[in-house]
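Colleague: Generate a structure from the sequence data that follows.
(one chain, ligands or ions: 1)
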Amino acid sequence: MAALEARLREVGETRYHHRHPFQLMLQNGELDKRQVQAWALNRYYYQAMIPIKDASLIARLDDPELRRIWRARLVDHDGEAPGEGGIARWLKLTDGLGLGRELVVSTRGILPATRFAVEAYTHFVRDRTLLEAVASSLTELFSPMVIGQRVRGMLAHYDFVSAETLAYFEPRLTQAPRDAEMALDYVKRHAQRADQQQAVIDALRFKCSVLWAMLDALQHAYVTPGQVPPGAWNGEPGMGGQPT
Ligand SMILES: O=C(O)c1cc(C(=O)O)c2c(n1)C(=O)C(=O)c1cc(C(=O)O)[nH]c1-2
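Modeller: Have a look, this model is predicted:
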């Protein structure tokens, strides 16, 4: 099983979004405020869909113990009360960046490719085997590293963000390792055959592609050559994006 873990870590090393040019620009202070806003606006859709993805996974778990463990993820994102949890904290980030809440929550200004990538993830978790669904969350093995680089870089380079507006990320540094450890343990116990282990590797590759595609879309639309797709957010806080 150490061999499987080594293969998974190799996938992360080569394919995770810590290597994406948009992530590098974000953490190196090379984006302007509008580009950072576009990142936060689009990433909101990922945040909003994660608990829906997790709820569909929980619905397929027949072991109460596993459901109880996985349930913590719903609480992390949705909170126990209005204004709590990861989604609410992400909205503090978009507030802090000057984006209108109605625009953000409506998701009408997100890029088409953001929507397709996030939907592909939720459908993958719903439709594939439970083993693949669990394995697709294993990008979380690598997220504390990229979050640390992003937060440090953004605080150092952008005067329009603060530790308070980036507060979303702080709890993730403990939540993500807890979740990833559990998912890795599950995968190691359930991927016994070679074909199952390959399915696990492929699920992680797929998930890396989801995250990569989201940043590709931002790079294409808002960096170079600046091709904002029709109907997507046009750079004006609270505006842009056609009403649905
Ligand atoms: O900031 C990031 O780079 C990053 C990456 C990932 C990831 O690797 O999927 C997640 C998150 N953040 C995150 O905040 C989060 O809640 C989360 C949940 C999941 C998942 O697949 O269930 N990934 C991620």
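Colleague: Check the offset of the helix or strand harbouring residue 44 from the chain's centre.
Modeller: Here residue 44, judged by DSSP states H and E, is contained in helix 33-58. Helix 33-58 sits 6 Å away from the centroid of its parent chain (C-alpha atoms, centre = their mean, to the nearest Å).
Colleague: now do stretch 166-185
Modeller: The answer for stretch 166-185 is 12 Å, by C-alpha atoms, centre = their mean.
Colleague: and that stretch, what's its mean pLDDT?
Modeller: Stretch 166-185 comes out with an average pLDDT of 95.
Colleague: do stretch 188-203 as well
Modeller: pLDDT averaged over stretch 188-203 gives 97.
Colleague: outside of that stretch, which residues touch it?
Modeller: By C-beta atoms under 8 Å, 6 or more residues apart in numbering, the residues outside stretch 188-203 that reach it are 1, 4-5, 7-8, 11, 124, 128-129, 131-136, 138, 187. All C-beta spots, glycine's among them, are computed from the backbone N, C-alpha and C.
Colleague: Can you flag which of those residues belong to helices?
Modeller: If you go by DSSP state H, those have 4-5, 7-8, 11, 124, 131-135, 187 in helices.
Colleague: who wins for most neighbours among those residues?
Modeller: For the ones in helices among the contacts of stretch 188-203, the largest number of neighbours (other C-beta atoms under 10 Å) sits with residue 135, at 29 neighbours.
Colleague: burial measure for residue 14, as a count.
Modeller: Residue 14 has 10 neighbouring residues, counting by other C-beta under 10 Å.
Colleague: List the contacts of it.
Modeller: Taking C-beta under 8 Å, 6+ apart, one finds nothing in contact with residue 14.
Colleague: Need the phi and psi values for it.
Modeller: When read as degrees, to the nearest 10, the backbone of residue 14 gives phi -90, psi -30.
Colleague: Grab the nearest non-local neighbour of the residue of the chain found nearest the ligand.
Modeller: Here the chain gets closest to the ligand at one residue, residue 139, 3.2 Å apart by C-beta to the nearest ligand atom. Nearest residue to residue 139 in three dimensions, chain neighbours excluded: residue 207, at 4.9 Å (C-beta to C-beta, 6 or more residues apart in numbering).
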